[in-house]
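In: I'll drop the sequence and a predicted model, then ask my questions.
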Amino acid sequence: LVSRENHVSRTVVSVAGVPIGGDGMTLIAGPCAVETPEQTLKAALMARSAGAALLRGGAYKPRTSPYAFQGLGEAGLRILADVRAETGLPIVTEVVDAADVELVASYADMLQVGTRNMQNFALLQAVGDAGRPVMLKRGMSSTIEEWLMAAEYIAQRGNLDIVLCERGIRTFEKATRNTLDISAVPVAQRLSHLPVIVDPSHSGGRRDLVLPLSRAAIAVGADGLIVDVHPHPETALCDGPQALVGEDLEELATLVRTLPNAL
Ligand code: PEP
């Protein structure tokens with residue numbers, strides 16, 4: 001179902017009217033985690049002025065350590081819905097448990113399945129049934145074939161509104177948190193008709209790498225970028241070192257506006 005065979009044209013996924021795929025480059029931006037109403041609104045306004053068409057923000061955070069901030073849960077979803085009403089930005093947010101899919105889908109415009117859950121088959125089937133577009137991140141230790149098979153689980157439930165997101169894979173290299181597999185973008189685009197976007201924030205885990213990795217993603221023809229922004233990265237409860245703010249965000253905005261046309 002997700003294979004390029006039998007699909008003459010590439011799929012354009014519409015998220016509350018915002019297209020991902022086709023000719024454009026869609027920017028999704030927002031805080032890694034929803035922390036407070038003020039922080040989320042500020043981050044959303046930053047995202048919107050940088051040209052983002054969709055707001056990202058985690059209310060359920062799949063953290064490596066059980067002692068790390070786990071997200072606000074439904075209270076976070078309510079904050080996202082208020083910020084959507086104020087800014088007009090549709091919401092992309094992660095769901096980590098099949099039991100929460102209905103609740104999260106009642107707030108979200110797009111459901112995100114994170115790297116740690118790429119092969120959580122019950123979750124994939126539940127998001128396939130939820131009637132919302134899905135962003136499927138690549139498992140950090142998954143092959144492209146496994147990633148596409150995970151997408152197939154969603155598609156099998158009748159939902160073809162799937163966006164693939166390359167977010168870096170685990171390699172022997174320790175200088176970056178993950179290694180952005182840039183070749184996965186054209187490879188997945190050749191094997192599948194689904195749009196493929198890149199997360200340069202979770203790939204490198206470092207603010208100084210977000211711009212170079214974004215340039216690379218645009219250059220290989222990614223259909224979009226999903227980027228962390230935060231009004232005060234130094235006090236962020238999650239992944240502050242990779243969040244953009246100030247000049248870096250302005251530079252990203254210029255890049256997304258100009259580079260695709262220059263290629
Ligand atoms: C995220 O986007 O908030 C996230 C946790 O990403 P990943 O699943 O790629 O680590």
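Out: Nice, thanks for sending it over. Please read these numbers as outputs of a predicted model, since none were measured by experiment.

In: for the closest residue in space to residue 98 that isn't next to it in sequence, the count of nearby residues, please.
Out: In this structure, residue 98 finds its nearest non-sequential neighbour in residue 126, 4.1 Å apart by C-beta to C-beta, 6 or more residues apart in numbering. Where you see a C-beta, it was placed from the backbone N, CA and C, and this is true even at glycine. If you count neighbours by other C-beta atoms under 10 Å, residue 126 ends up with 23.

In: for the host helix or strand of residue 126, name the packing helices and strands.
Out: For residue 126, the host element (DSSP states H and E) is helix 121-128. Using 3 or more C-beta pairs under 8 Å, 6 or more residues apart in numbering; DSSP states H and E, the elements in contact with helix 121-128 are helix 101-107, strand 110-113, strand 134-137, helix 144-155.

In: so for the helix or strand just after the longest one, mean pLDDT?
Out: The C-terminal neighbour of helix 144-155 among helices and strands, as given by DSSP H and E, is strand 162-166. On average, the pLDDT along strand 162-166 is 98.

In: and strand 162-166, how far out from the chain middle?
Out: Remark: strand 162-166 is offset 8 Å from the chain centroid, using C-alpha atoms, centre = their mean, to the nearest Å.

In: now do the helix holding residue 126: everything it contacts.
Out: 95-98, 101, 105, 111, 113, 117, 134, 136, 150, 153-159 (C-beta atoms under 8 Å, 6 or more residues apart in numbering).

In: could I get the helices and strands packed on helix 121-128 as TSV with mean neighbour count and mean pLDDT?
Out: Converted to TSV, the helices and strands packed on helix 121-128 look like this (neighbours: other C-beta atoms under 10 Å; pLDDT from 0 to 100):
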stretch	mean neighbour count	mean pLDDT
helix 101-107	18	98
strand 110-113	26	98
strand 134-137	26	98
helix 144-155	20	98
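
In: and these as TSV, adding distance to residue 82?
Out: Shown next, in TSV, are those (distance: least, C-beta to C-beta, whole Å):
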stretch	distance to residue 82
helix 101-107	10
strand 110-113	18
strand 134-137	22
helix 144-155	29
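
In: out of the ones you listed, which is closest to the ligand?
Out: The ligand sits nearest to strand 134-137 of all the helices and strands packed on helix 121-128, at 4.5 Å, using C-beta to the nearest ligand atom.

In: is the ligand contacted by that closest one?
Out: Yes - for strand 134-137, a contact with the ligand is found by C-beta under 6 Å from any ligand atom, at residue 137.

In: counting contacts, what elements does that strand pack onto?
Out: Looks like strand 134-137 contacts strand 110-113, helix 121-128, helix 144-155, strand 162-166 (3+ C-beta pairs under 8 Å, 6+ apart).

In: is the third one anywhere near the ligand?
Out: No - judged by C-beta under 6 Å from any ligand atom, helix 144-155 makes no contact with the ligand; its nearest approach is 12.2 Å.

In: which residues does that helix contact?
Out: Here helix 144-155 makes contact (C-beta under 8 Å, 6+ apart) with 1-3, 113, 118-119, 121, 124-125, 127-128, 134, 136, 138-139, 142, 162, 164, 184, 187-188, 191-192, 194.

In: who are the contact partners of the closest residue to residue 210 other than its chain neighbours?
Out: Ranked by C-beta to C-beta, 6+ apart and with sequence neighbours excluded, the top spatial neighbour of residue 210 is residue 200, at 4.8 Å. Taking C-beta under 8 Å, 6+ apart, we find residue 200 in contact with 180, 209, 210, 211, 213, 214, 217, 225, 227.

In: ok, so of the residues you listed, who is nearest the ligand?
Out: Nearest member of the contacts of residue 200 to the ligand, counting by C-beta to the nearest ligand atom, is residue 227, at 10.0 Å.

In: in this structure the closest one contacts residue 203, no?
Out: No - look at residue 227 against residue 203 with C-beta atoms under 8 Å: they stay out of range, at 10.7 Å.

In: looking at those two, which is more packed in?
Out: Set side by side, residue 227 and residue 203 show more neighbours around residue 227, with 29 against 25, by other C-beta under 10 Å.

In: the more buried one and residue 242, how far apart?
Out: The gap separating residue 227 from residue 242 is 9 Å, by C-beta to C-beta, to the nearest Å.
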